[in-house]
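> predicted model, plus sequence, below.
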Amino acid sequence: MLEIKDLKVSVDQKKILKGLSLKINKGEVHALMGPNGSGKSTLSYVLSGKDNYNIDEGSISFKNENLLNMDVDERANKGLFLAFQYPMEIPGVQTSFFLRTAINAKRKFLNLPELDALEFAKSLKTISEDLSIDPEILKRDLNLNYSGGEKKKQEILQLSMLNPDLAILDETDSGLDIDALRVVADGVNKFRSSDNAFLIITHYQRLLDYVKPDFVHIIADGNIVNSGDYSLAIELEEKGYEKMANV
Amino acid sequence: MKLQPLVDLLLNNNKIYEYISLNLTSRDPFSNPKIENYKYSQLNKLDYNKSLNNIYECDLEVKDNFINNYLLNKKIVEIDKKLLSWNFKGPDSALRLAALIKNPKLNIYDLDNFKENVCIIDISKYEDLNIEFNYSKKAKLSILLIDSDKNKNSNPRYISFNLSKDSEIEILSINLNKSISLLFYEFNLSDFSKVNVTTIQANNLHLRNEFYFNLQSNCSAKISGANFCNSGVNDNYSFMQHSNPNSSSREVFKSIVDKGAITNFQGKIYVDSIAQKTDGYQMSKSLLLDDISRCNNKPELEIYADDVKCSHGSTVSKIDNDLLYYFNSRGINSELAINILKKAFIKEILDSIETLPLRSVSDRIVSNFLS
Ligand SMILES: Nc1ncnc2c1ncn2[C@@H]1O[C@H](COP(=O)(O)OP(=O)(O)OP(=O)(O)O)[C@@H](O)[C@H]1O
Ligand SMILES: [Mg+2]
């Protein structure tokens, strides 16, 4: 699904990723953990194609194509989804309208006809109920004055509606209350299949208790310094980053 | 009570042209922001060679037809002098509304397909228009002001509304597809009256709208302006005069400027020394889409009372790259995203429209030009 080889990335001359490699296969859930400022969000931005990140070296292939040659919207339409650590507020654009536009953009890309309003409303209703999202909120402007947790849930709603092949969750669990975390985790588990894959960026083991990862990686100073299975997350919780990064 | 000598001058129809040629040519168009009276664009220096059709890829025929079809499909009530002596009690609100309007030449259209009735006034039919609104039984008159004249150069027009005590009107004024158009509006609000004006200006070359409000006590005036897909120079000027206590005014003007166009907004909130407890608000926002276009926003306050609340603000912004990235990351390409963001920018103006048919007219204009 995704193969990152020796990726070196800098912003404004500052080196952030320093030769990172990672391979994610279909059906796998990978967790990425690491101290603040180690480059987790940078990696997710580079994968989604955000401007102003210089790829100094390395390659990324996504579904056997060169990801780095694709525009941001092309990557999304080809099945890559990033749930943002800090979702944007978009005044004047209704949440449900935004969702529908995004779905139809993808359908157009795949040469499918537009989703009719009724069908859209139906699936929106089902999925937002699953995520216990208040339907009233979908009539409001996207993320505008949403609480921190509501914004995160909104990202997962978009994820579920857009049905990506690879979903990157950047600290989706931060800011969620205990019940919401459960709901979001259930949502992810429901969506998880042998055809898609996840990269879950998190600071806390709690989310990984609900969404059991196949692999756990520790990133420090722009490199993956340790990889293992779920037990690595438990060990990390006990010992902290400082020790684990040196293993 | 008249607002300014300027308006008095304008009231005398013969002098309109004189006034315009006098003033509009003798001042510099926004050449120096420090000049207090920089509001007048110098019309004789404007570039008339641009063609509207060439600048915007839009089917002007369709847009003109849209208005015409919209009107012709509806029942039309032609008002003549006889109607004025009628005493309307029946439910036909178009006729009832017609009788309230003193100018016997006015055409009133009844949009009876809609829940609410709207009176459509075609300003191209009148040299100047004076509407006295004396209806105060809690009914609201909604007016759509259009200019159906196919001639791209229209004569300057003066339109005034006098609202009696307790009366309420809502107005949507649309200016489309003009090479040159100059409009002067005056609103005189008696105690406890209310006016809500929305102005939509699209696909014009050179356009200037001036709005004069005079507020007595306990009344409320609201004006919202949207300006987009214009070329050349587009001016909006507002003068909000609070003459007596306890009135409120809200002004929001938004312009989307691109393709080398210039939009200017100058607005003053004037509060008389006896107009205590005035609540005034004014905001002008521009969305600048390229480096060759320009906008000038100039808010002004002139306050002689000491117990008032007045605020004003002005912003110029570009399309936010982070917002574009968010759209892109959801598979929406930049072109579509920018269109959505333009509409989102204008939405606040459309949301100020309360009457359903007026809202649907403006929605159609926006989707015609911004998609
Ligand atoms: N645009 C930028 N300009 C300069 N430095 C940047 C920029 N973006 C990121 N950085 C720096 O790169 C480093 C990695 O940032 P990044 O956001 O990827 O960290 P992170 O691992 O996601 O941290 P956190 O756990 O706090 O979210 C940080 O030191 C940050 O200050
Ligand atoms: Mg981060």
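Yes, it's here. Ligands and ions are numbered 1, 2, ... in the order given.
> list the contacts of the closest residue to A:Y204 other than its chain neighbours.
For A:Y204, ignoring the flanking residues on the chain, the nearest one in space by CB to CB, 6 or more residues apart in numbering or on different chains is A:D173 at 6.0 Å. Yep, even glycine has a C-beta here, placed from its N, CA and C like the rest. A:D173 sits next to A:K152, A:L181, A:V184, A:T202, A:Y204, A:R206, A:L207 when contact means CB atoms under 8 Å, 6 or more residues apart in numbering or on different chains.
> roughly how far does A:D173 sit from A:V93?
Plainly put, A:D173 is 26 Å away from A:V93 if you go by CB to CB, to the nearest Å.
> so how far is A:N226 from the residue nearest to A:Y204?
Applying CB to CB to A:D173 and A:N226 gives a distance of 21 Å.
> now name the helix or strand holding whichever residue of chain B sits closest to chain A.
As assessed by CB to the nearest CB, chain A sits closest to B:A344 within chain B, at 2.7 Å. B:A344 is part of helix B:334-351, with elements assigned from DSSP states H and E.
> cool, B:N368 as well?
helix B:356-369.
> so which elements touch the lowest-mean-pLDDT helix or strand in chain A?
In chain A, the helix or strand scored least confidently by mean pLDDT, DSSP states H and E is helix A:241-244, which has a mean of 73. In terms of contacts (3 or more CB pairs under 8 Å, 6 or more residues apart in numbering or on different chains; DSSP states H and E), helix A:241-244 is packed against strand A:215-220, helix A:230-239.
> who's in contact with it?
By CB under 8 Å, 6+ apart, the residues outside helix A:241-244 that reach it are A:G34, A:P35, A:I218, A:A220, A:V225, A:N226, A:L232, A:E235, A:L236.
> so which of those residues wins on neighbours?
Highest neighbour count within the contacts of helix A:241-244: A:G34, with 26 neighbours (other CB atoms under 10 Å in any protein chain shown).
> tell me the bridge partners for B:S286.
In this entry, B:S286 is beta-bridged to B:S255, B:V316, by DSSP bridges.
> count of neighbours near it?
By the criterion of other CB under 10 Å, B:S286 has 25 neighbours.
> where along the chain do the helices fall?
No chain was given, so I picked chain A. A:40-48, A:72-77, A:95-109, A:117-130, A:148-162, A:178-191, A:205-210, A:230-239, A:241-244 (DSSP state H).
> ah, I was thinking of chain B
Taking DSSP H as the test, the helices found in chain B are B:5-11, B:13-26, B:52-55, B:60-72, B:93-99, B:321-329, B:334-351, B:356-369.
> what packs against the longest one?
Judged by 3+ CB pairs under 8 Å, 6+ apart, helix B:334-351 is in contact with strand A:90-94, helix A:95-109, strand B:194-202, strand B:220-228, strand B:248-257, strand B:279-288, helix B:321-329, helix B:356-369.
> for that helix, give me every contacting residue.
Outside helix B:334-351, the residues within contact range by CB under 8 Å, 6+ apart are A:73, A:90-93, A:101, A:105, B:198, B:200, B:224-226, B:228, B:252, B:254, B:256, B:285, B:287, B:289, B:319, B:323-324, B:327-328, B:332, B:359, B:362-363, B:366-367, B:370-371.
> are any of the residues you listed buried, and which?
With neighbours counted by 16 or more other CB atoms under 10 Å in any protein chain shown, the contacts of helix B:334-351 contain buried members at A:73, A:90, A:92-93, A:101, A:105, B:198, B:200, B:224-226, B:228, B:252, B:254, B:256, B:285, B:287, B:289, B:323-324, B:327-328, B:332, B:359, B:362, B:366, B:370.
> tell me, which of those residues make contact with ligand 1?
With CB under 6 Å from any ligand atom as the criterion, the subset of the buried ones among the contacts of helix B:334-351 in contact with ligand 1 is empty.
> coming back round to it: which stretch among the helices and strands packed on helix B:334-351 comes nearest ligand 2?
Comparison of the helices and strands packed on helix B:334-351 against ligand 2 by CB to the ion identifies helix B:321-329 as nearest, at 15.3 Å.
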